[in-house]
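Engineer: fold the following for me, if possible:
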Amino acid sequence: MDCSLQFCRYYISLAYLASLFPGAWAIKVAEAFDPLCTTALLRSTNVMMAMVCGVLVHDLLLCIKPGIGKTKATAYAILVALYPVHWFFTFLYYTDVASLAAVLAMYLFCLKKRFWVSAMFGAISILFRQTNIIWMLFFAANGAITYVQDLPLSDYVSHKNSRLTDKSSTEVLDRDNTASAPGLRRRRTNGSISQRRVVSGSTNLYISFIEEVLDISFKLWNSKSKVLLNFTPFAIVLVVFVAFIIWNGGIVLGAKEAHVVSPHFAQFLYFGLVSAASLLPLHFTPRRVSELFRGCAKNKTSSSLAMLVALGLSFVAVHFFSIAHPYLLADNRHYTFYIWRKVIQAHWMMKYILIPIYVYSWFSVINILGKSQTRVWVLSFVFAVALVLVPAPLVEFRYYTIPLVIVVLNSPVIGNCRLLALGSAYTAADLFTLLMFLFKPFHWEHETGTQRFIW
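Structural biologist: Predicted coordinates for the structure are as follows:
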């Protein structure tokens, strides 16, 4: 925080020092700005960013789920604000809340097809956290897919392929007109947001994943000029980012030796469990477990094969790629220190016992997302999560916040009673962490100062 105060005093008076006031006058002006660089004021910026996050979650839900209503969207915005990790860092001077706000703004403007604004927020988000480049590419890629799907048929149909595309288009429109099946919905016409967007039930609109990929590829190729023109701002940000990596010698800033890129595949599994547990009413209820197993029973061969592959890969990830970062083992301020010692390392078998829970959690999350998004969207989300989390050697709940909020935004709406119960659980966790932070300080023998418990 001392460094932050010094930077604040420097930058807030820089313009004046550079152009107006020489010598001793410059020192007096810098001192005059000291009241604007207090610890409380700097930390209050995250409170303001948290409010912005709430507004963005509200607006995103109205875009993604037009039928949700403003009252329910507001309730969800409050729920996200109460999410324990996000709520805790709202009151500390960390970049996580501002990073989330920038990513959500990027998502919202991409949905509204204001791509230059979206790319601008993408660039801002990367300034807060370099891995946000992955989320920019994720939103841009799916934004391009949505863009070509919403184009008039004549914009991407050649004479040679018109018969095939007319047939597929007719089938999709027929399904739209009879959209009473669960999970199939239309988007509300709202400004630049398209009148019709295929966002759900990929099994309803496409016979197979291959058909879906081919259809998207065909449309992207035949509309490549428009796509390249509209998504140029994202390409510009990507090129600048690549240039930065080359200049910096890597993606990491600061202590590079402490954040070496590592194949931490177990981190990917941890996120599945955390995200499912954070949305407990959607994933860990007897009804949900029964529903998931009934779905698997409908196609026993493919489901059994997928389950075996997932269990096998998870075993490999846990056995060979569970990384215990030195910070995780030594820093007893963080709750992850105690979870690692008391749960994962409680017995040598524990990390293997958790494998079925990891697999179930990911299967449930993917199944839930598949009810409101296409297979390509779900697959690209899983891939983006892997790209963000696997290279990170340190287990930090903060890293999970952005993908978790994306899961919340694209999951089915929770009933009022369950939403209230989940909000109450979040509030209880918030109060616990607040009390631990305020009233359970401790000291390290090798270092002066007071230490406190944090996420």
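Engineer: low-confidence ranges, the stretch 201-350 of the chain, go.
Structural biologist: 201-207, 254-255, 258 (pLDDT under 70).
Engineer: for I357, phi and psi?
Structural biologist: Here is the backbone geometry of I357 (degrees, to the nearest 10): phi -70, psi -40.
Engineer: mind listing what it touches?
Structural biologist: When contacts are counted by Cβ atoms under 8 Å, 6 or more residues apart in numbering, I357 touches L273. (Glycine included, C-beta is placed from N, CA and C.)
Engineer: let's number from 202 now, not from 1
Structural biologist: Happy to do that; since the first residue is 202 now, the last one works out to I558.
Engineer: what distance do you get for it to L610?
Structural biologist: Relative to L610, I558 is positioned 24 Å away (Cβ to Cβ, to the nearest Å).
Engineer: what's the closest residue to N533 other than its chain neighbours sitting at in phi/psi?
Structural biologist: Using Cβ to Cβ, 6 or more residues apart in numbering and skipping the chain neighbours, the partner closest in space to N533 is Y539 (7.6 Å). As for Y539, its main-chain torsions (degrees, to the nearest 10) stand at phi -80, psi -40.
Engineer: could you give the number of residues near Y539?
Structural biologist: 11 (other Cβ atoms under 10 Å).
Engineer: give the burial count for N617, as a bare number.
Structural biologist: That count, for N617 with other Cβ under 10 Å as the rule, works out to 11.
Engineer: need the pLDDT of it.
Structural biologist: pLDDT, N617: 91.
Engineer: now stretch 244-251: average pLDDT?
Structural biologist: Stretch 244-251 comes out at a mean pLDDT of 89.
Engineer: next: stretch 259-272.
Structural biologist: For stretch 259-272, the mean per-residue pLDDT is 94.
Engineer: buried sites along it?
Structural biologist: Neighbour-count burial for stretch 259-272 flags H259, D260, L261, L262, L263, C264, I265, K266, I269 (criterion: 16 or more other Cβ atoms under 10 Å).
Engineer: so which of the residues you listed is the closest to F584?
Structural biologist: Within the buried residues of stretch 259-272, the smallest distance to F584 is 20.2 Å, found for I265 (Cβ to Cβ).
Engineer: show me what contacts that closest one?
Structural biologist: Listed by Cβ under 8 Å, 6+ apart, the contact set of I265 reads L312, V400, S573, L610, N611.
Engineer: does F516 touch Y553 like I think?
Structural biologist: Yes - counting by Cβ atoms under 8 Å, F516 touches Y553, with 7.1 Å between them.
Engineer: show me the strands in the protein, by range?
Structural biologist: Using DSSP state E, the strands found in the chain span residues 643-645, 648-652.
Engineer: what packs against the last one?
Structural biologist: This points to strand 648-652. Applying 3 or more Cβ pairs under 8 Å, 6 or more residues apart in numbering; DSSP states H and E, one finds that strand 648-652 makes contact with strand 643-645.
Engineer: who touches the strand it packs on?
Structural biologist: With contact meaning Cβ under 8 Å, 6+ apart, strand 643-645 is reached by G650, T651, Q652, R653.
Engineer: and if we set it to 7 Å?
Structural biologist: T651, Q652 (Cβ atoms under 7 Å, 6 or more residues apart in numbering).
Engineer: pLDDT of it, averaged?
Structural biologist: 91.
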